[in-house]
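Chemist: Pasted the sequence and its predicted model underneath.
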Amino acid sequence: MKSAAVVNYSSEKGSVEIREVPRPEIGEEDVLLEVANVGVCGSDLHQWTADHSWKVNYPVVLGHEFGGHIVEVGKAVKGWKEGDRVVSETAAIISQDNPMTRRGLYNLDPTRKGFGYGVDGAMTKYVRVPQRILHRVRDGLPFEEACLTEPCCVAYNAVVKNARIEPGDRVVVLGPGTIGILCAAMARLCGAEVAIVGLAQDAHRLEIARQYGCKVIIGDAGEWALERDGMGCDGVIDAAGASITLKIAMELVRPAGWISKVGWGPQPLGFNVDPLVQKNVRLQGSFSHNWPIWERVLDLLGSGQFNVRPIIGGVWPVTQWHEAFEKMHRGEVVKSVLKPV
């Protein structure tokens, strides 16, 4: 049995196409998941446009934001059965002996391989998933929303775990992509007053952020950051995909404030970072997520406390992946979701 899949087959720009792939065979500790929905991530777009900075095992099925129903369980699988509604973390392969894994921080295991670049992902009908990274989905949570648990976990890690927000803080978010908007929404949930910053071409996405109660700024956020007492904002979440935004963050943040950097910027810095020292600012990187973060985010989604519906720009069959990718790439939608056929 073969199914249509969105496959990235080489490092050349535009090397993504629909291919027929066989149903995966599972190991003793795996389940076979029938994918209900899969989100398109910015990293999928970067592999499509060939401007990514990570190693890819070509050819590979794209997709790491997904959920669905279990249709087969391995012989050693415990606690899971056919028909269970689940989502999966991204850490498909990890080393159990790595010191980071032993601490529960397997997301920081340097040998880690994820879906969609290291192993085949979920932009197809079936995907093989280790039981250790499965999480249950409440019956009332649609898969169109549940499949976005992963980017919500990225935001939770950047905002809750790797920042220090207190109710009443003034926080600037740089970059109105999926992660930036989710970070802004998460900061609002933590009680912060939030401004999200973008460019003129980001107008549509900024309007989505406004639905989460954020102040929308096109261009310079300096005036807003200084508005309270002239010292700057309490914290900055850098969710933009450019290195220069770190310089902007250092200008906006107040002395003894913090910067949580979640956006990737491959360019050399080319500017002085002494303001970090002078202002006594904490610069914190934030990468991926782990088990307790997923459980907490699923509770937020399932209870309705955190709503991802505003960012979903549409659902397309996987055979129409190109349109879904293009709409995200052009900024017409914040998040595209695919459905296997």
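Modeler: Happy to help now that I have it.
Chemist: Quick check: pLDDT value at the spatially closest residue to residue 335 that is not a sequence neighbour.
Modeler: Leaving aside its chain neighbours, residue 335 sits nearest to residue 311 (4.7 Å; criterion: C-beta to C-beta, 6 or more residues apart in numbering). Every residue, glycine included, has its C-beta placed from N, CA and C. Residue 311 is assigned 98 on the pLDDT scale.
Chemist: So what would you say the end-to-end distance of stretch 228-241 is?
Modeler: 28 Å (C-alpha to C-alpha, to the nearest Å).
Chemist: Same question for stretch 226-235.
Modeler: 12 Å.
Chemist: So for it, what gets flagged as buried?
Modeler: For stretch 226-235, burial by neighbour count (16 or more other C-beta atoms under 10 Å) applies to 232, 233, 234, 235.
Chemist: how about those, which pair is most distant?
Modeler: The two members of the buried residues of stretch 226-235 with the most space between them (C-beta to C-beta) are 232 and 235, at 9.7 Å.
Chemist: between these two, what contacts are shared?
Modeler: Jointly contacting residue 232 and residue 235 under the rule C-beta atoms under 8 Å, 6 or more residues apart in numbering are 253, 257.
Chemist: any idea how this structure splits into domains?
Modeler: Taking automatic domain parsing as the domain assignment, the ranges for the chain are 2-148+308-339, 153-285.
Chemist: quick one: which of those domains is nearest residue 300?
Modeler: Closest to residue 300 of the domains of the chain is domain 153-285 (C-beta to C-beta; 7.7 Å).
Chemist: what about that closest one, distance to the chain center?
Modeler: Distance, stretch centre to chain centre, for domain 153-285: 16 Å (C-alpha atoms, centre = their mean, to the nearest Å).
Chemist: now the end-to-end length of it.
Modeler: Note: domain 153-285 ends 15 Å apart using C-alpha to C-alpha.
Chemist: Could you give the average pLDDT over it?
Modeler: Mean predicted confidence for domain 153-285 is 96.
Chemist: Give me the phi and psi for the spatially most central residue of the chain.
Modeler: By C-alpha atoms, centre = their mean, the chain has its centre lying nearest to residue 151, at 2.7 Å. Phi and psi for residue 151, reported as degrees, to the nearest 10, are phi -60, psi -30.
Chemist: re earlier: determine which of the domains of the chain approaches residue 299 most closely.
Modeler: Across these, closest to residue 299 is domain 2-148+308-339 (C-beta to C-beta), at 8.9 Å.
Chemist: how distant is the closest one from the center of its chain?
Modeler: 12 Å.
Chemist: contacting residues around the residue nearest to the centre of the chain?
Modeler: 39, 41, 65, 178, 179, 182, 335.
Chemist: who wins for neighbours among those?
Modeler: Among these, the one with the most neighbours (other C-beta atoms under 10 Å) is residue 65, at 32 neighbours.
Chemist: Now do the contacts for the nearest residue to that residue once chain neighbours are set aside.
Modeler: Once flanking residues are discounted, residue 65 sits nearest to residue 39: 3.4 Å by C-beta to C-beta, 6+ apart. Residues in contact with residue 39, defined by C-beta under 8 Å, 6+ apart, are 63, 65, 66, 147, 148, 150, 151, 335, 336, 337, 338.
Chemist: I'd like the residues you listed laid out as JSON lines, including secondary structure.
Modeler: Formatted as JSON lines, those follow (DSSP: H, G, I helix; E, B strand; the rest coil):
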{"residue": "63", "secondary structure": "coil"}
{"residue": "65", "secondary structure": "strand"}
{"residue": "66", "secondary structure": "strand"}
{"residue": "147", "secondary structure": "coil"}
{"residue": "148", "secondary structure": "coil"}
{"residue": "150", "secondary structure": "helix"}
{"residue": "151", "secondary structure": "helix"}
{"residue": "335", "secondary structure": "strand"}
{"residue": "336", "secondary structure": "strand"}
{"residue": "337", "secondary structure": "strand"}
{"residue": "338", "secondary structure": "strand"}
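Chemist: Can you lay out those as a markdown table showing distance to residue 79?
Modeler: Formatted as a markdown table, the contacts of residue 39 follow (distance: C-beta to C-beta, whole Å):
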| residue | distance to residue 79 |
| --- | --- |
| 63 | 25 |
| 65 | 23 |
| 66 | 20 |
| 147 | 22 |
| 148 | 24 |
| 150 | 21 |
| 151 | 26 |
| 335 | 31 |
| 336 | 33 |
| 337 | 28 |
| 338 | 29 |
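Chemist: What is the nearest of those to residue 210?
Modeler: residue 335 (16.3 Å).
Chemist: Residue 196 versus the closest one, what's the distance?
Modeler: 16 Å (C-beta to C-beta, to the nearest Å).
Chemist: How many neighbouring residues does the nearest residue to residue 211 once chain neighbours are set aside have?
Modeler: Of all residues not flanking residue 211 in the chain, residue 310 sits nearest, at 4.7 Å (C-beta to C-beta, 6+ apart). By the criterion of other C-beta under 10 Å, residue 310 has 16 neighbours.
Chemist: Show the contacting residues for residue 310.
Modeler: Going by C-beta under 8 Å, 6+ apart, residue 310 touches 208, 211, 212, 334.
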